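Undergrad: missing the sequence, but the structure's below:
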C-alpha cells in the first residue's frame, strides 16, 4: 500500500514546500529538532535504522494530513508529490 511506504528525503522536502510549511513547523509538529528534518530531507539513502524510519513515517503522516499525496516512482516515471483537491 502506497500510504505505508517511506518517502525519500526529496519527496519530504517537496511535500513540505507544496504544503507551504517550514522545516521548523514540521519539526515542532512531530516532536523533533529542525536539524533532524533538515538532515533527513538531505538523506539519499533508504533508511534502515528503526528510529529514522519512525521519523520519516511521522513526517509522511503529518504532510498527508495537510493534503500531500506521495507518488512513488514506477516503470517509466519517477517519484513526486501532489496536493489533494
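TA: Great, that's in hand. Nothing here was measured: the structure is a model prediction, and the numbers come from that model. Numbers count the residues shown, from 1 in each chain.

Undergrad: rest of the way, CA atoms for contacts and neighbours
TA: Fine.

Undergrad: contact partners of stretch 78-85?
TA: 11, 14-15, 18-19, 67-73 (C-alpha atoms under 8 Å, 6 or more residues apart in numbering).

Undergrad: among those, which are in helices?
TA: 11, 14-15, 18-19 (DSSP state H).

Undergrad: Now for residue 12: which residues touch it?
TA: Applying C-alpha under 8 Å, 6+ apart, the residues contacting residue 12 are 41, 59-60.

Undergrad: What is the neighbour count of residue 40?
TA: 20 (other C-alpha atoms under 10 Å).

Undergrad: cool, the one 3 residues further on as well?
TA: Close neighbours of residue 43, defined as other C-alpha under 10 Å, add up to 13.

Undergrad: shouldn't it be in contact with residue 13?
TA: No - Residue 43 is not in contact with residue 13 according to C-alpha atoms under 8 Å; the separation is 10.6 Å.

Undergrad: Pull out the buried residues from the ones in helices among the contacts of stretch 78-85.
TA: Buried by 16 or more other C-alpha atoms under 10 Å: 11, 14-15, 18-19, out of these.

Undergrad: can you list the residues you listed in CSV and add distance to residue 30?
TA: CSV is the format used below for those (distance: C-alpha to C-alpha, whole Å):
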residue, distance to residue 30
11, 17
14, 17
15, 15
18, 18
19, 15
